[in-house]
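Peer 1: please find the sequence and the predicted model below.
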Amino acid sequence: MAAPIDRMGLLFLTLLPVLFTIADAVDRSNFKTCDQSAFCKRQRDVKPGQSPYRALLETMQLSDSRLTLQLINDNNKVRLLLELYRLKGNMTRVKINELKPLKPRYEVPDVLIKDPPTEPLSVLDQNENGIVFSLGVDDQRVIINARPFRLDIVEGTKVLLSLNSRGLLVFEHLRLRKDTISHKITSTVGSMWDTIKSVFSSSSETDTEESKDAVGESVAEKGEAGEEVQEEEDHPGMWEETFKSHTDTKPNGASSISLDFSFPGVGHVYGIPEHADSLKLKSTEGGDPYRLYNLDVFQYELYNPMALYGAVPVLLSHSAERTMGIFWLNAAETWVDISSSTVTQGDSEVPETGVRWISESGIIDVFIMLGPRPTDVFSQYASLTGTQSLPPLAALAYHQCRWNYNDQEDVKAVDGGFDEHDIPYDFIWLDIEHTDGKRYFTWEPNKFAQPRQMLQNLKDKRRKMVTIVDPHIKVDSGYKIHNEIRSKDFYIKNKDGGDYEGWCWPGNAGYPDFTNPEMRAWWASMFAYDQYEGSMDNLYTWNDMNEPSVFNGPEVTMHKDALHGSWEHRDVHNLYGFYVQMATAEGQIQRSGGVERPFVLTRAFFAGSQRYGAVWTGDNAAEWGHLKMSIPMCLSLGLVGISFCGADVGGFFKSPSEELLVRWYQTGAYQPFFRAHAHLDTPRREPWLFGPDNTALIREAVRQRYALLPYWYQLFYNAHRTGQPVMRPLWVEYPEDAATFAVEDEFLLGKDLLVHPVTDERSQGVTAYLPGDGELWYDVHTHKKHQGNLNLYIPVTMSSIPVFQRGGSVISRKDRVRRSSSCMEDDPYTLYVAVNAQGTAEGELYIDDGHTFNFEKQKQFIHRRLTFAEGTLTSSKLSPDSQFTTVSWVEKVVFMGVTKPNAATLTTDNGTESPLEFEFDAGAELLTLRKPGVNAGTDWTIQLR
């Protein structure tokens, strides 16, 4: 085996320059369009119209919380089973599967955090045309129409949404291939059955149906009126499909599914990441649908619905009246069509948005989240798939990365460069070249000969490191990881039952089957300190290439007929990266005995990935368009639960101009995951390499990030607790303001900071929309006050980062910035109180140890409410049963939008009163109280008289 492997490795090395040449721009011919995807084309060839599906009302069975009902396709007589559940929290679940499939169809495990709790269903009305059920909330009902099958959810007299209203329910049933022995036997039995029926025509209809089931539903049958229904014709691509040089054998044949949803009164829909496209989803009529199929796409195109690295099949609809969501729980390749039209409601025409989901295999399992507010939809989705994990506080700071830092001396020099230039950072990253020949869990023996010493040097400065651990494993009999996976039979299999192998960075590689819980447990054990040699507790992990990427595979990924146990890869594809990150995060937790929180960055993701760490937007380019696109891409991810998102600062491919690099740092400093990264072939771009002026600008952007870490941490705690996104579109907080619905060049952090980065070259000014009639917004740099419901033109220079604090808020900062976030742990806080038109404000402060699970397991945290009303600022406990202490104190309080007081008095928790010194700027309406000196974790009040 050694010689063939060596030859494969040499061939791979010769191909590397070709791969990098391709990386200059995406080669779209490597990736399918809908017309090149047989199941997508078949489904799209079905046009809106009369549905062949009919609800058999006599088959209805209703338990306390579950309705079952059979559907029949009048064209082929195949029966489906509809299940309907009313879920707690104003949600409805609809499942559709074959009534009697030839073999089980895949149902997605592990994504839901539990079986969703149900509530009772009750029948309100029933006749031969349909059934009406109560959902028990605000006169909400489900109406099932029998012929054709259609399901409407209504509230009062208003239809909220409809299923199959355009007749696009299509469920390709599993069948025997016509040229197989099994099919010929079944067909013969079917012909014999026709003869028997003609002789024994007096047999009961019930007996006929039961016997017919016994010979299978793929045989020719008689319709209700006695007409013969012919077997369906096979179409190209149903049993075998070729794309470029790759053939998909499809041993189970065609098995795709489709269902349409209509939203009357809705003109805006969002979500279904990941796509490099606008925040608001566009109509796909006349073009390709949005594709959800995790793929390794080099330097992706902008404003394109093609698939990228991750797939979250969640869509939100929004209007001024209501927000709703659809969660399509299916892990196979999926396409989503969006259509726009108008419908008549009363005397007026209103918009209507149609959404059609098309998946290659599996079942229809859809959760309908009925809102009605955006915050309700976020909570509903979080109750299904979980919330964003609370990361270590340091992970919210700045990360320095490139492909690759050359050796330990290079790491030391870069680390020292940050100190020399007074720029804080917390993590330095090592890409694939740090390993011994792309063997993960190893170190290059000459360049990284003493990894523990390197890590200890970083730890001495309270800094950390991330190394890459990809899920393709070098096929090498001298490599421990490979040998153990092979000996335990944990590799994915090819269609013939052998270990699946493909090309990736190491050359010939095997791919562990992360859908196997035993494989995941073994993988997690490899992060133990005695297994991952050279690792320490300040080493964290980056999972890249986990779509999975297979350089010589179809569409640069795995063959769909590869096998994960009894399931084909086509069934589980979009789950692969989800499972890789899950196992890696579990490994980091286990290595500390369950004490420490993990930090894992993943490129591929699915619904539920928020539970395991961070994502980034992949291989972007050093172009202004990619900087702009980082905003809607991360906003879309936040809408579907994944708050910990960022883009490679500076762009991965190509080299940014000095202006672009500065503007990207200024933007990235206000996005959740803040990491600079660059391609192997680009010039070095550490922040101090572009002259002292640009170094100063970058330093200031990074320092603004560090000063705001208390606010970032509080936002992530609330995201973890409630499911609300950290980085939000404006319409989330201003859902009735139509002017916000398509805004994607600015965003909110929580509800209290509005950011409008400068993303245009040579910009002299930006126009920011400040939402909210009656709101006040304060420029965080100048403290100047502005009215809401206003388009504000802001002249900008290279130092400008337009950021505004909402009137009515209190934001905590740490203005003493040090070399890393850990060095700031005990530093004092400054509170920024921005009053609203009513002269009030409120905010929160969250503190814990920053890195363990003690906040959950032992309630060791501080969570305080800060309120200002009638001239009094009060700090009170939000969580009475929590216990934690801090040495941090309140160093300063800055009030914006107030008048000058005669005196300021501090009252501590023991009743002691003391006067406070203050300064007042009448022109800016700015009051600064210095050194209250009170502990940040205690009760206190400050009164302005």
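Peer 2: Everything's here; your move.
Peer 1: in the stretch 251-400 of the chain, which spans are helices?
Peer 2: According to DSSP state H, counting those that start in this stretch, the stretch 251-400 of the chain carries its helices in the segments 374-385.
Peer 1: quick one: the strands in the stretch 551-700 of the chain?
Peer 2: 563-564, 567-568, 600-602, 614-616, 645-646, 648-649, 674-676 (DSSP state E, counting those that start in this stretch).
Peer 1: export those to a markdown table and tack on distance to V796?
Peer 2: Heads up, the C-betas are built off the backbone N, CA and C, glycines and all. Shown next, in a markdown table, are those (distance: least, Cβ to Cβ, whole Å):
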| stretch | distance to V796 |
| --- | --- |
| strand 563-564 | 52 |
| strand 567-568 | 53 |
| strand 600-602 | 32 |
| strand 614-616 | 27 |
| strand 645-646 | 23 |
| strand 648-649 | 19 |
| strand 674-676 | 21 |
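Peer 1: low-confidence stretches in this structure?
Peer 2: Applying pLDDT under 70 to the chain flags the ranges 1-24, 180-231.
Peer 1: related to what we said a few turns ago, I'd like the strands of the stretch 551-700 of the chain laid out as JSON lines, including mean neighbour count and distance to N789.
Peer 2: Conversion of those to JSON lines gives the following (neighbours: other Cβ atoms under 10 Å; distance: least, Cβ to Cβ, whole Å):
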{"stretch": "strand 563-564", "mean neighbour count": "21", "distance to N789": "54"}
{"stretch": "strand 567-568", "mean neighbour count": "21", "distance to N789": "53"}
{"stretch": "strand 600-602", "mean neighbour count": "27", "distance to N789": "39"}
{"stretch": "strand 614-616", "mean neighbour count": "28", "distance to N789": "34"}
{"stretch": "strand 645-646", "mean neighbour count": "26", "distance to N789": "29"}
{"stretch": "strand 648-649", "mean neighbour count": "28", "distance to N789": "33"}
{"stretch": "strand 674-676", "mean neighbour count": "24", "distance to N789": "31"}
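Peer 1: out of the ones you listed, flag the one nearest S165.
Peer 2: strand 567-568 (32.3 Å; Cβ to Cβ).
Peer 1: strands paired with that closest one, and their directions?
Peer 2: strand 563-564 (antiparallel) (DSSP bridges).
Peer 1: just how off-centre is the strand it pairs with within its chain?
Peer 2: How far strand 563-564 lies from its chain's middle: 25 Å, per Cα atoms, centre = their mean, to the nearest Å.
Peer 1: now swap in stretch 91-103 and tell me
Peer 2: 26 Å.
Peer 1: same deal with stretch 737-752?
Peer 2: 19 Å.
Peer 1: please name the nearest non-neighbouring residue to the residue nearest the centre of the chain.
Peer 2: Per Cα atoms, centre = their mean, the C-alpha nearest to the average position across the chain is that of I642, at 4.0 Å. Closest residue in space to I642, ignoring its immediate chain neighbours: Q610 at 4.7 Å, by Cβ to Cβ, 6 or more residues apart in numbering.
Peer 1: pretty sure that neighbour contacts G638?
Peer 2: No: the pair Q610 / G638 is not scored as a contact, 9.6 Å apart, by Cβ atoms under 8 Å.
Peer 1: who has more neighbours, the two?
Peer 2: Q610 (29 against 26; other Cβ atoms under 10 Å).
Peer 1: show me where the stretch 101-250 of the chain has its helices.
Peer 2: Using DSSP H, counting those that start in this stretch, helices in the stretch 101-250 of the chain cover 181-199, 205-214.
Peer 1: same question for the stretch 501-650 of the chain.
Peer 2: Counting by DSSP H, counting those that start in this stretch, the helices of the stretch 501-650 of the chain are 517-525, 569-572, 576-591, 624-639.
Peer 1: got those helices as a markdown table, with distance to L69 columns?
Peer 2: Listed next are the helices of the stretch 501-650 of the chain as a markdown table, based on distance: least, Cβ to Cβ, whole Å:
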| stretch | distance to L69 |
| --- | --- |
| helix 517-525 | 34 |
| helix 569-572 | 26 |
| helix 576-591 | 32 |
| helix 624-639 | 32 |
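Peer 1: my guess is E155 meets D138, correct?
Peer 2: Yes: contact criterion Cβ under 8 Å: E155 and D138 qualify, at 5.7 Å.
Peer 1: which one's more surrounded, the two?
Peer 2: Neighbour count, other Cβ under 10 Å: between E155 and D138, E155 has more, with 16 against 10.
Peer 1: any idea how far that one is from R322?
Peer 2: 9 Å (Cβ to Cβ, to the nearest Å).
Peer 1: can you pull the contacts of D745?
Peer 2: Neighbour list for D745: K628, I631, H756, P757, T759, V766 [criterion: Cβ atoms under 8 Å, 6 or more residues apart in numbering].
Peer 1: please apply the same query to H173.
Peer 2: N76, V78, E98, P101, E217, S255.
Peer 1: and if we set it to 10 Å?
Peer 2: Applying Cβ atoms under 10 Å, 6 or more residues apart in numbering, we find H173 in contact with 73, 76, 78-80, 98-102, 105, 217-218, 232, 253-255.
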